[in-house]
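Asks: Next input, structure requested:
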Amino acid sequence: MNNQTIEKMKLMRFHGMQQAFETALQTGKNNDFTTDELLSYLIDAEWTDRANRKIDRLIKSARFRYSASIEDINYAPDRNLDKNMVLRLANCQFIDRGENLIITGATGVGKSHLASAIGYQACMKGHKVLYLSTGKLFSRLKMSKADGSYMKELNRIEKQDLIVIEDLGLQPIDKQNQLYFLDIIEDRHGKKSTILTSQIPVNKWHDLIEDSTIADAILDRIVHTAHRIEMKGESMRKKKAINK
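Replies: Alright, predicted model coming up:
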């Protein structure tokens, strides 16, 4: 009868419950449970397994460039990182409120690592996340415009609870890309969250966008009410290379 029960669990894809039940049988733990306790044990195992598999799917779908975690962040004084602020952002309530985060600083100071760590944390809390470099984002939108799938691509981006756009301003933002960027920001404004990383200080972002009207529209939606982190210090990559 136990074998039949396990087989039915497999067919119904109750993988967590199946593994827990098999473990209980192998260890004799099932004999220590009352019927209610065994049922609760199996349900908890299935719940945990499904939650973990969902997190794995969200992380895979996000396509992070780096593996990062909040626990690994270095708060050395020269980095200008407020630990309390980072931990508040890590609870992801800013995503629930549809707020944005801007992380600026010189190359190598850890902007992408911090953005990725918050993105991973968002996945852990069940949020849909998408990680993109600015260059890949604009290339993808340009291709979708050419093959007629532009609106579909915009809708896919809009559905993400959080998008992380890396290296804003690293490449010139031409007129067409300005319009793409405005479409994305307009769709998400006040509803979904965006993390932007850039080597360019925020007070110079207006110069990145040739059309002043478009620049005003974009910056009004992403800058004025965003959380901001300006990272400083020596390049972390340079430090690692020296320490090897």
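
Asks: Tell me the buried residues in the helix ranked longest in the chain?
Replies: Criterion DSSP state H: the longest helix present in the chain is helix 35-62. Judged by neighbour count (16 or more other C-beta atoms under 10 Å), helix 35-62 contains these buried residues: 38, 41, 42, 45, 46, 49, 58, 59, 62. C-betas here are computed from N, CA, C, even on glycine.

Asks: Packing partners of that helix?
Replies: helix 15-27, helix 111-124, strand 129-133 (3 or more C-beta pairs under 8 Å, 6 or more residues apart in numbering; DSSP states H and E).

Asks: Would you format the buried residues of helix 35-62 as a markdown table with pLDDT included?
Replies: Output for these, formatted as a markdown table (pLDDT from 0 to 100):
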| residue | pLDDT |
| --- | --- |
| 38 | 91 |
| 41 | 93 |
| 42 | 94 |
| 45 | 94 |
| 46 | 94 |
| 49 | 93 |
| 58 | 96 |
| 59 | 96 |
| 62 | 95 |
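
Asks: Closest one to residue 171 out of those residues, please.
Replies: Nearest to residue 171 among the buried residues of helix 35-62: residue 62, at 22.3 Å, using C-beta to C-beta.

Asks: List the contacts of the closest one.
Replies: Contact partners of residue 62, counting by C-beta atoms under 8 Å, 6 or more residues apart in numbering, are 119, 123, 129, 130, 131.

Asks: In JSON lines: the residues you listed, plus neighbour count.
Replies: Listed next are the contacts of residue 62 as JSON lines, based on neighbours: other C-beta atoms under 10 Å:
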{"residue": "119", "neighbour count": "26"}
{"residue": "123", "neighbour count": "23"}
{"residue": "129", "neighbour count": "25"}
{"residue": "130", "neighbour count": "19"}
{"residue": "131", "neighbour count": "23"}
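
Asks: Make CSV out of the residues you listed and add distance to residue 230.
Replies: Below are the contacts of residue 62 laid out as CSV (distance: C-beta to C-beta, whole Å):
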residue, distance to residue 230
119, 19
123, 26
129, 23
130, 24
131, 21
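
Asks: which one of those residues sits closest to residue 175?
Replies: residue 130 (24.6 Å).

Asks: isn't that closest one right next to residue 164, touching?
Replies: Yes - the criterion here is C-beta atoms under 8 Å, and residue 130 meets it with residue 164 at 7.2 Å.

Asks: in the protein, which spans are strands?
Replies: Ranges of strands in the chain, per DSSP state E, are 101-104, 129-133, 162-166, 193-198, 227-230.

Asks: Between the contacts of residue 62, which sits nearest residue 232?
Replies: residue 119 (21.9 Å).

Asks: Run through the residues that contact that closest one.
Replies: Applying C-beta under 8 Å, 6+ apart, the residues contacting residue 119 are 62, 64, 68, 129, 131, 162, 164, 195.

Asks: Against residue 191, how distant is it?
Replies: According to C-beta to C-beta, to the nearest Å, residue 119 and residue 191 sit 18 Å apart.

Asks: now residue 48
Replies: Distance from residue 48 to residue 191, by C-beta to C-beta: 31 Å.

Asks: ditto for residue 117
Replies: Taking C-beta to C-beta, one finds residue 117 at 24 Å from residue 191.

Asks: Domain-wise, how is the protein divided?
Replies: 2-60, 63-243 (automatic domain parsing).

Asks: quick one, which of those domains is packed in tightest?
Replies: Mean neighbour count (mean count of other C-beta atoms under 10 Å) peaks for domain 63-243 among the domains of the chain, with a mean of 17.
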